[in-house]
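Asker: Give me coordinates for this.
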Amino acid sequence: MQIELINHKEMYYLIFVYLEEAKEPMMLLTNKKIESKNDVIQIVMYYTSRWKIEEHFRFKKYEFGFENFRVRKFNSIKHLSFCLDIAISFLSILIESQSKIYYEILSNGKGLRTDSYLKLYQVISGITNILGHKQNGIREKDK
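Answerer: Prediction:
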């Protein structure tokens, strides 16, 4: 659907995307010219891949406190970011595995929505809840 925005000279295209997981359609607004179905598919793929990247950084920032660290050197920031990326990759592999441990972690996590297809937040919540029961840490045996 071609639309015009107030105070903008150029025309925009509004694309409605209906995903299986979502109840409401996703609306994408683009200034890229759409002439065919392939153009629509290409724009949707571009936006969804960009959304995944944005969600990755949001997850890193909020769940791991990536903005609240005391590292000042750029090299140290890169190393910390890389370690967090590895941790997130392992969580993603765990989610993809659909293993027994995944479902155990998921049952211990609190999800905002049961139909959410973004399980990273629920998995990290489950791991936090499981590990949170061990407040005292490892104690040495009596000497």
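Asker: if I read this right, Y121 contacts F59, doesn't it?
Answerer: Yes - contact criterion C-beta atoms under 8 Å: Y121 and F59 qualify, at 7.0 Å. (Each C-beta comes from the backbone N, C-alpha and C, glycine too.)
Asker: Which residues belonging to stretch 76-93 are considered buried?
Answerer: For stretch 76-93, a neighbour-count test (16 or more other C-beta atoms under 10 Å) marks S81, L84, I88, L91 as buried.
Asker: so who does the first one touch?
Answerer: If I follow you right, that is S81. K60, F66 (C-beta atoms under 8 Å, 6 or more residues apart in numbering).
Asker: Output whichever strand or helix holds it as CSV, nothing but the C-alphas.
Answerer: Element membership of S81 [criterion: DSSP states H and E] is helix 74-97. Output of helix 74-97 as CSV, limited to C-alpha atoms (Å, rounded to 0.1, in the frame of the first residue of the first chain):
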residue,chain,number,x,y,z
PHE,A,74,38.1,-0.6,23.6
ASN,A,75,39.8,-4.0,23.5
SER,A,76,38.3,-5.0,26.8
ILE,A,77,34.9,-3.9,25.6
LYS,A,78,35.3,-6.0,22.5
HIS,A,79,36.3,-9.1,24.6
LEU,A,80,33.4,-8.6,27.0
SER,A,81,31.0,-8.3,24.1
PHE,A,82,32.4,-11.4,22.4
CYS,A,83,32.0,-13.4,25.7
LEU,A,84,28.4,-12.3,26.0
ASP,A,85,27.8,-13.2,22.3
ILE,A,86,29.2,-16.7,23.0
ALA,A,87,26.9,-17.0,26.0
ILE,A,88,23.9,-15.9,24.0
SER,A,89,24.8,-18.4,21.2
PHE,A,90,24.9,-21.2,23.8
LEU,A,91,21.4,-20.2,25.0
SER,A,92,20.2,-20.1,21.4
ILE,A,93,21.6,-23.6,20.8
LEU,A,94,19.9,-24.8,24.0
ILE,A,95,16.6,-23.4,22.7
GLU,A,96,17.0,-25.0,19.3
SER,A,97,17.7,-28.4,20.9
